[in-house]
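Novice: Here is a sequence with its predicted model. Questions after.
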Amino acid sequence: DAKTTQPTSMDCAEGRAANLPCNHSTISGNEYVYWYRQIHSQGPQYIIHGLKNNETNEMASLIITEDRKSSTLILPHATLRDTAVYYCIVRPANSNSGYALNFGKGTSLLVTP
Amino acid sequence: GAGVSQSPSNKVTEKGKDVELRCDPISGHTALYWYRQSLGQGLEFLIYFQGNSAPDKSGLPSDRFSAERTGGSVSTLTIQRTQQEDSAVYLCASSLGRTGRNTEAFFGQGTRLTVV
């Protein structure tokens, strides 16, 4: 059951901002939005997460719409090393069935010189 | 400190043999996850351990797959009577997993299993 929808692929020029969208129209009130990325041949890497407020860290910014039905991950100055598959995941705050992260197909971001 | 460690990094086995894959989570992390990723595919959830709670086994694809976590730390994923479709990268992750708090999951580099 796909709880998030992301574009299959995107391109971005090196040095420019990469804006990766995610739709999660069925998100419930206690679910967080998480972003991970997977660089080729490596394990996934946590980027950022949020509930309803916008968040920023050293890697990226997360903008969540007021109705929480969509979000955008922003890499402010993309580099070639940001080429990866980016996964948007919704996950409950507290679940007896576990915190399993359900990775979908993600967005394959290609940063070009 | 050390991250999540998985061993072996590569494993080639003959069809029908059993294999054991090991995961050493980050010290103090109570949550541990196993995923697998077939070539060119996304991550498939297998099993999740949280503290002393019963594991969430909902992702295990068949009864040939099992996992245990001894002493709340090291975990072993066992695949019995391996089949060629079991060939994949098996990824382990751990997180603090405190109740009511969402924390990031740290992934290991995976074990690449090839069944010939």
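Specialist: Sure thing, it's come through.

Novice: rest of the way, CA atoms for contacts and neighbours
Specialist: Will do.

Novice: Strands of chain A, residue ranges please.
Specialist: Remark: strands assigned in chain A by DSSP state E are A:9-13, A:18-23, A:31-38, A:45-50, A:55-56, A:61-64, A:70-75, A:84-92, A:107-112.

Novice: Please disregard the earlier target; I meant chain B.
Specialist: Counting by DSSP E, the strands of chain B are B:5-7, B:10-13, B:19-24, B:31-37, B:43-50, B:65-69, B:75-79, B:88-95, B:106-107, B:111-115.

Novice: Quick check: buried residues in the second one?
Specialist: This points to strand B:10-13. B:Lys11, B:Thr13 (16 or more other C-alpha atoms under 10 Å in any protein chain shown).

Novice: Only the C-alpha atoms, please, for that strand, written as CSV.
Specialist: Provided in CSV are the C-alpha atoms of strand B:10-13 (Å, rounded to 0.1, in the frame of the first residue of the first chain):
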residue,chain,number,x,y,z
ASN,B,10,29.5,-11.0,0.3
LYS,B,11,28.2,-14.5,0.3
VAL,B,12,27.9,-17.0,-2.5
THR,B,13,26.1,-20.2,-1.8
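
Novice: partners of that strand, with directions?
Specialist: strand B:111-115 (parallel) (DSSP bridges).

Novice: how about the strand it pairs with: buried residues?
Specialist: For strand B:111-115, by 16+ other C-alpha under 10 Å, it's B:Thr111, B:Arg112, B:Leu113, B:Thr114, B:Val115.

Novice: Could you do stretch B:2-19 as well?
Specialist: B:Val4, B:Ser5, B:Gln6, B:Ser7, B:Ser9, B:Lys11, B:Thr13, B:Lys15, B:Val19.

Novice: just to revisit the earlier point, any chance of the strands of chain B in CSV, plus mean pLDDT?
Specialist: Output for those, formatted as CSV (pLDDT from 0 to 100):
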stretch, mean pLDDT
strand B:5-7, 97
strand B:10-13, 98
strand B:19-24, 97
strand B:31-37, 93
strand B:43-50, 91
strand B:65-69, 96
strand B:75-79, 98
strand B:88-95, 95
strand B:106-107, 92
strand B:111-115, 97
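
Novice: okay if I get the ones you listed as TSV plus distance to B:Asp56?
Specialist: TSV is the format used below for the strands of chain B (distance: least, C-alpha to C-alpha, whole Å):
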stretch	distance to B:Asp56
strand B:5-7	21
strand B:10-13	26
strand B:19-24	17
strand B:31-37	9
strand B:43-50	5
strand B:65-69	11
strand B:75-79	14
strand B:88-95	14
strand B:106-107	18
strand B:111-115	21
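
Novice: Out of these, the one nearest A:Ser108 is which?
Specialist: The closest of the strands of chain B to A:Ser108 is strand B:43-50. By C-alpha to C-alpha, the value is 14.0 Å.

Novice: angle of that closest one against strand B:88-95?
Specialist: Calculated by axes from the mean of the first three to the mean of the last three C-alpha atoms, to 10 degrees, strand B:43-50 forms an angle of 40 degrees with strand B:88-95.

Novice: Just the residues contacting strand B:43-50, thanks.
Specialist: With contact meaning C-alpha atoms under 8 Å, 6 or more residues apart in numbering or on different chains, strand B:43-50 is reached by A:98-104, B:30-37, B:55-61, B:67, B:69, B:97.

Novice: Pull out the buried members of those residues.
Specialist: With neighbours counted by 16+ other C-alpha under 10 Å, the contacts of strand B:43-50 contain buried members at A:98-104, B:30-37, B:55-57, B:60, B:67, B:69, B:97.
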